[in-house]
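*Asks:* Test case, fold it:
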Amino acid sequence: MSWVVNIFHICSYLLVLLFPSASHPLCLDSKAPFTPKIPLEFCPNDESVCCDSNQDLELKKAFQSMNISDPACASLVKSIHCTKCNRFSADLFGIDFGTRTVPVLCTVSEISTLSKTSSHDFCSRVWDACKAEPIVNSPFVPSLQGRTKVPVSSTSSKLTDLCQSKSDFCGLFGGTSEDKLVCFYGSSTLLHNSVNPQAPSGICLEQVTNGPYLYMDAHPDGSNRVFLASQHGKVWLATVPEEGNGEEMLIDESNLFVDLTDAVHSSTELGLMSVAFHPRFVHNGRFFASYICDGEKWSGCTGRCACNTDVNCDPSKLPPFYGSRACRFHVAVSEFTVNCSASDPPLATRGNISEVRRIFTMGIAFKNAIASQILFGPDGYLYLLTGDSETELNPYNLAQNKKSVLGKVLRLDVDKFPSAAELSKHSAWGNYSIPRDNPYIYDKESLPEIWALGFRHPWRCSFDSERPSYFLCGDSGKDQYEEVDIVTKGGNYGWPYFEGDFPFHSMNSSRGNNNINSTNFISYVMGYDHSDANTKEGSSSIVGGFIYRSKTDPCLYGKYVFTDLYGFAIWAGTEIPENSGNFTSAKVPFSCAHNSPLQCKFEKTHPNLNLNYVFSMGRDNKKDTFLLTNKGVLRIAPPSRCNYKCSKEKFRGSQIPRHSPWSKTGTGFKWSQMSYSPFFYSFLFFLMHFIL
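*Replies:* Purely as a prediction, here's the structure:
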């Protein structure tokens, strides 16, 4: 009976929400917190921290130089000074919006005001205790220089020298969790308050175009245009219609933006992997493409082999996997320039676009050891994802080997072009520079390109547009688990020793520069196990790691959306409370809007709907979310268009409901799509009891 099924689904969601994953805070240097080998003496903490004993000693010396005589003030300033070691220091100091010298100090929230308590008004406590106390090299000074009319001294300053009143001081240094800020109240970190997460009742989709597009990226000019790329190597410009107007996405198939099919080798797993547009593309016309080329068919397809002496690997002794020899195929990342008006690049043929330089090349020696995506981070650097190989075919444990480029997230500076001497010194894989803050740039036993390691096959990643420090990647598992990771500077995500939380036992070698200390591995934050049901469905690869704060579906706003390659399910993850690193995820049903511009081409061969093959996800400049499948591109639409309920969805006064529960939808009417209140089920229960 349908009402029993609905109750079962509700209970299932509630059970899922009871099991959040481990927290994942972040340090000021974009690294994950750790447990120090030597306990901290000056800034002791029972939890993981962001400082080692040497940094702890430096903080102690800096605090002593402040020469604070008042004990009450000294105690408070010490606690503020030590927040640089706090495991939430990245949020306390607001690294996404420009680093502060003092963390956000908790002020009285609206909730605590109503309850007549000021337990979290730490900012006022600091002002009251320190307003008249001279502080040498005060930590408050750098944040105020150039922002106050009062002359600021860099030697000895009182808070009253910096601000005229408590309200002015707390206006500059204070904040509340209700303001969507992480704040410090003396002994711990106060995170955003939030209600318990509720899984969306369902995700509504509309199909806006046909065609098996592999990658989508919004036009950097902020317009309603997007770039769509095919696996064969063609890229088109498309115009995205307004949601709900019934129009299809406008694509001029006969007029390509760029055609790379002469260089791209396309097969089941190979082809054009992704494109990335320079942050200043509208001014310089620079864009980049990651693709696979065939060295036997194109003379320009050359480069170093991933199997080399640095990792004690001899390509001549490898069994042939791709054709007659190892490294016949190469990963190529090339830079191109639009040779026309850079302010608004038009639809163009390849004749108007030229290749400038080869940024990165890598010969493929193992299955899955390919680069799957390139993207620019908020820091302006280019990030490149590389896969490890199938372990049975690769005894070299390359994901853990810091001399190998495989199983890594690489971080490259494509704006500074190195000299020949620099390229030779770093044994670079292409034409790029190394960002100075890369974690292994000064480690002679590691590649300086590495940003993070320990991945099997990271397929798609994204930066949260509203919180760029959250860099999420969907990493495809092998036997048991598909995971989403928050990637941090120097982070190690455990492959091949762990797949999710499950030990992986297929390792037959531990060659190379490996890190097998499991305490250094960072756990995933979301994902799913290959249950018996999923095994029958064929689920084996995750597509996601995307944070899409969808405007068209308010119940998905701020949630992390990911799906599997075979399109049998969509998951929505929520972080509660915000910035805590505690995530819950739930499998969410989906349907097609009855007035979709195109009939959704869902498969009917499975008890649940099937999206077919989901290649990727994308978004436009309005932050609407799109799923790219082998049968077409689908956009997430308002839930009401599929009879899903969302209390946050707002209707215009003149808006007429799209359709009633009794009308036909694009996938046919289903009783399971109807939503009922608890009162209905109570009424139904008593009615049945009365009849029986």
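
*Asks:* Contacts for the strand or helix carrying Phe63, please.
*Replies:* Assigned by DSSP states H and E, Phe63 belongs to helix 53-64. The contact list for helix 53-64 (C-beta atoms under 8 Å, 6 or more residues apart in numbering) reads 36-43, 51, 77-78, 81-82, 84-85, 137. Glycine gets a C-beta too; all of them are placed from N, C-alpha and C.

*Asks:* Please work out the average pLDDT along it.
*Replies:* Helix 53-64 carries an average pLDDT of 96.

*Asks:* Name the residues linked to the residue positioned nearest the centre of the chain by a beta bridge.
*Replies:* The chain has Leu472 as the residue nearest its centroid, 2.2 Å off, counting by C-alpha atoms, centre = their mean. Per DSSP bridges, the residues bridged to Leu472 are Ser462, Ile486.

*Asks:* Just the buried subset of the contacts of helix 53-64, please.
*Replies:* Buried by 16 or more other C-beta atoms under 10 Å: 36, 40, 42-43, 51, 77-78, 81-82, 84-85, out of the contacts of helix 53-64.

*Asks:* ok so, going back, residues of the helix holding Phe63 that come out buried?
*Replies:* Of all the residues in helix 53-64, those buried under the rule 16+ other C-beta under 10 Å are 55-56, 59-60, 63.

*Asks:* just how off-centre is that helix within its chain?
*Replies:* 34 Å (C-alpha atoms, centre = their mean, to the nearest Å).

*Asks:* go on, stretch 228-247?
*Replies:* Centroid separation for stretch 228-247 versus its chain: 23 Å, with C-alpha atoms, centre = their mean.

*Asks:* right, and Glu133 touches Pro71 too?
*Replies:* No: in this structure Glu133 lies outside contact range of Pro71 using C-beta atoms under 8 Å: 10.4 Å.

*Asks:* So which of these two has more stuff around it?
*Replies:* Higher neighbour count among Glu133 and Pro71: Glu133, with 19 against 9, using other C-beta atoms under 10 Å.

*Asks:* So the more buried one versus Pro103, what's the distance?
*Replies:* 19 Å (C-beta to C-beta, to the nearest Å).

*Asks:* now Cys305
*Replies:* From Cys305 to Pro103 the distance is 48 Å (C-beta to C-beta).

*Asks:* In terms of neighbours, single out the busier of the two.
*Replies:* Pro103 (26 against 19).

*Asks:* Please name the residues that touch the more buried one.
*Replies:* By C-beta under 8 Å, 6+ apart, the neighbours of Pro103 are 80, 83, 86, 89, 92-93, 183-184.

*Asks:* How about it: what's its closest non-neighbour residue?
*Replies:* Leu92 (3.7 Å; C-beta to C-beta, 6 or more residues apart in numbering).

*Asks:* Report pLDDT for the one you found.
*Replies:* For Leu92, pLDDT reads 91.

*Asks:* what about it, neighbour count?
*Replies:* Neighbours of Leu92 under the rule other C-beta under 10 Å: 26.

*Asks:* Is it in contact with Ser177, as I believe?
*Replies:* No: Leu92 is not in contact with Ser177 according to C-beta under 8 Å; the separation is 11.9 Å.

*Asks:* shared neighbours of those two, which are they?
*Replies:* Joint contacts of Leu92 and Ser177 (C-beta under 8 Å, 6+ apart) are Cys183.

*Asks:* For stretch 218-236, list every residue counted as buried.
*Replies:* Those would be 218-220, 225-236, for stretch 218-236 by 16+ other C-beta under 10 Å.

*Asks:* how about the residue nearest to Pro103, what does it touch?
*Replies:* So Leu92 contacts 83, 86, 103-104, 182-184, 189 (C-beta under 8 Å, 6+ apart).

*Asks:* The same query, at a cut-off of 10 Å, please.
*Replies:* If you count contacts by C-beta atoms under 10 Å, 6 or more residues apart in numbering, Leu92 has them with 25, 28, 80, 83-84, 86, 100, 102-105, 181-184, 189-190, 579.

*Asks:* Kindly report the same for Lys31.
*Replies:* 50, 90, 439, 452, 488-491, 522.

*Asks:* any chance you could map the strands in the stretch 101-250 of the chain?
*Replies:* 105-106, 135-136, 156-157, 174-175, 183-184, 189-190, 203-209, 213-218, 225-230, 234-239, 250-251 (DSSP state E, counting those that start in this stretch).

*Asks:* quick one: average pLDDT of the fifth one?
*Replies:* Model confidence over strand 183-184, given as mean pLDDT, is 92.

*Asks:* How about the last one?
*Replies:* Average pLDDT, strand 250-251: 93.

*Asks:* go on, stretch 328-345?
*Replies:* 77.

*Asks:* and stretch 176-184, how far from the chain's centre?
*Replies:* For stretch 176-184, the distance to the chain centre is 22 Å (C-alpha atoms, centre = their mean).

*Asks:* With that, I have no additional questions.
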